[in-house]
Each structure stands twice: as structure tokens, then as C-alpha cells.
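A.B. asks: here is my input, please return the structure:
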Amino acid sequence: MAQDNVDVVRAMYTAFAERDRATLLSHVDPSMTIYDRPHHPEASVYEGRDGFLRFAEIDWDAFDEVRYEPQEFIPRGDHVVVRITQAGRGKGSSVGIEETIVNVWKLRDGKCVELRNYSTMHEALEAVGAGE
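C.D. replies: Residues are numbered from 1 along each chain as shown. All right, here's what the predicted structure looks like:
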């Protein structure tokens, strides 16, 4: 079960990189909820499959290049914690960014039902009830 969840999440990053909306949505439950990082200045909550696509398209629209490179996958029950390097180059400004963020995916019956974003591994592991 844990490896199955990791495989689904890994497929999400591949589909995101390819901007493959159909594959992304095939792994998303209709009740999907996405939460921005709690301390992000424009933190939002996105709901459903349409909300998931809006969340993805924000980065696709803001950057000429955007990459989410998973560094590690940590299964924790029905969650998968993923440390990623986010990198991109802004449209128009050509300003490059690179930062490490942590995604916490919750899965049910092989589908992603929740994505929470954190700035640190400590925050993410606390969210799933595990110490660092």
C-alpha cells in the first residue's frame, strides 16, 4: 500500500513536468483539496479537480520554465511526504528562483485527496504526526 501511494505521487510529478492534465486528473479524487504553505503571503485553498488544475496552472502561467524535482519520498500511512526542489524562470522578468519545499499528499483508494505545502520538512512531518 505505501509503495502504491509513492508510485501514484511519483506519477503526479512526471505528469506535472509534462503538463499532462489528463494524467494528473486521473490520479486526483473529485474531492481533492490543495492548501498553499501556511505562511505564504497569498495562501489559498483550491478544491476539486478544477481547483487542482488552477493550482498547477498558476505556476505554469507564471514561469517560462518551472520544475518540481522530488528529492525523497517518505510514506507515512495514507500520506506521502515529498521534499522537492522547485525551480523556474519568471515570464517577462526572466528572474530565476530555486527553493526547497515539502509536499504532503494524502491518498485514499489510490487517488490523491489532499495536498498540503510546507516550507520545511519539520513542519510537514509534524503535520502527519511524525518526528523528524
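
A.B. asks: and residue 54, that's in a strand?
C.D. replies: No. Counting by DSSP: H, G, I helix; E, B strand; the rest coil, residue 54 is not found in a strand; it is helix.

A.B. asks: leaving out chain neighbours, which residue sits closest to residue 107?
C.D. replies: Of all residues not flanking residue 107 in the chain, residue 5 sits nearest, at 4.7 Å (C-beta to C-beta, 6 or more residues apart in numbering). (Each C-beta comes from the backbone N, C-alpha and C, glycine too.)

A.B. asks: quick one, helices of this structure?
C.D. replies: 2-17, 21-26, 48-62, 121-127 (DSSP state H).

A.B. asks: tell me which of those helices lies nearest to residue 89.
C.D. replies: Proximity to residue 89 (C-beta to C-beta) singles out helix 48-62 among the helices of the chain, at 10.0 Å.

A.B. asks: ok, residues contacting the closest one?
C.D. replies: With contacts defined as C-beta atoms under 8 Å, 6 or more residues apart in numbering, helix 48-62 is touched by 16, 19, 21, 24-25, 28, 30-34, 46, 66, 88, 90-91, 115.

A.B. asks: what's near enough to touch residue 33?
C.D. replies: 45, 46, 47, 51, 113, 114, 115.

A.B. asks: now it: how far from residue 69?
C.D. replies: Distance, residue 33 to residue 69, by C-beta to C-beta, to the nearest Å: 24 Å.

A.B. asks: where in the protein is pLDDT low?
C.D. replies: Scanning the chain for pLDDT under 70 picks out the ranges 1, 130-132.
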